[in-house]
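K.L.:
Curious how this folds, go ahead:
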Amino acid sequence: MKKSWALIGIIAAVFVIGIIVGVVVYEKPSYPKWVGHSKSGKWTAVLSYNGEKYDDVNYSGDFIWNGSKKEKKKVYVLKTQYWVNGKMEAGDKTVAKERVSPDTGFFEYSEAPKKGEHPKAVIYWEENNKVHKEGIPLKRKNSAEKYT
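P.N.:
Got it, this is the predicted structure:
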């Protein structure tokens, strides 16, 4: 009888150790995101880890349209920019009129902002033949926090 309890204990210990090892080996690291919302409420800017590594440069930024689907059909993105501490790091200087899409980005393959830096995404868009510009300050969020 004592041997069967010992065997059950060993099996339980191996099972628990297997779960712990599995979680440690397969758990993905948690990368922070930088998120901001436009004053108009029509845009959310998200700078996040994209999972691809190219010489430790692995963050990219995207704009998310928060307006209605009906409005979206009348919206054209003219240009996007990414600023850090008042200096433009990337973006368009000339206008390129494009429809809003999931690929509406402001920066690709960037390094994450460093402590003390103030990143900002800027979007220029046209809606009903009127040009709009919004600068969206980005704030650091843990990836577990909701950002939309």
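K.L.:
Pull up the pairing partners for the helix or strand hosting Gln81, direction included.
P.N.:
Gln81 belongs to strand 75-84 when assigned by DSSP states H and E. If you go by DSSP bridges, strand 75-84 pairs up with strand 87-91 (antiparallel), strand 98-99 (antiparallel), strand 119-127 (antiparallel).
K.L.:
what is the rounded mean pLDDT of stretch 134-148?
P.N.:
Throughout stretch 134-148, pLDDT has a mean value of 72.
K.L.:
where do the strands sit along the chain?
P.N.:
For the chain, the strands defined by DSSP state E cover 33-37, 43-54, 57-65, 75-84, 87-91, 98-99, 105-110, 119-127, 130-137, 139-141.
K.L.:
Mean pLDDT lowest where, among those?
P.N.:
Mean pLDDT per stretch puts strand 105-110 lowest among these, at a mean of 76.
K.L.:
starting at the chain centroid, how far to that strand?
P.N.:
On the basis of Cα atoms, centre = their mean, to the nearest Å, strand 105-110 sits 10 Å off its chain's mean C-alpha point.
K.L.:
What lies in contact with it?
P.N.:
Residues outside strand 105-110 that contact it (Cβ atoms under 8 Å, 6 or more residues apart in numbering): 45, 47, 50, 52, 54, 57-63, 80-82, 89-91, 121-123. In short, each C-beta sits where N, CA and C put it, glycine included.
K.L.:
again, only this time at 6 Å
P.N.:
Here strand 105-110 makes contact (Cβ atoms under 6 Å, 6 or more residues apart in numbering) with Tyr54, Val57, Tyr59, Ser60, Gly61, Asp62, Thr80, Tyr82, Ala90, Ala121.
K.L.:
can you pick the most crowded of those?
P.N.:
Ala121 (29 neighbours; other Cβ atoms under 10 Å).
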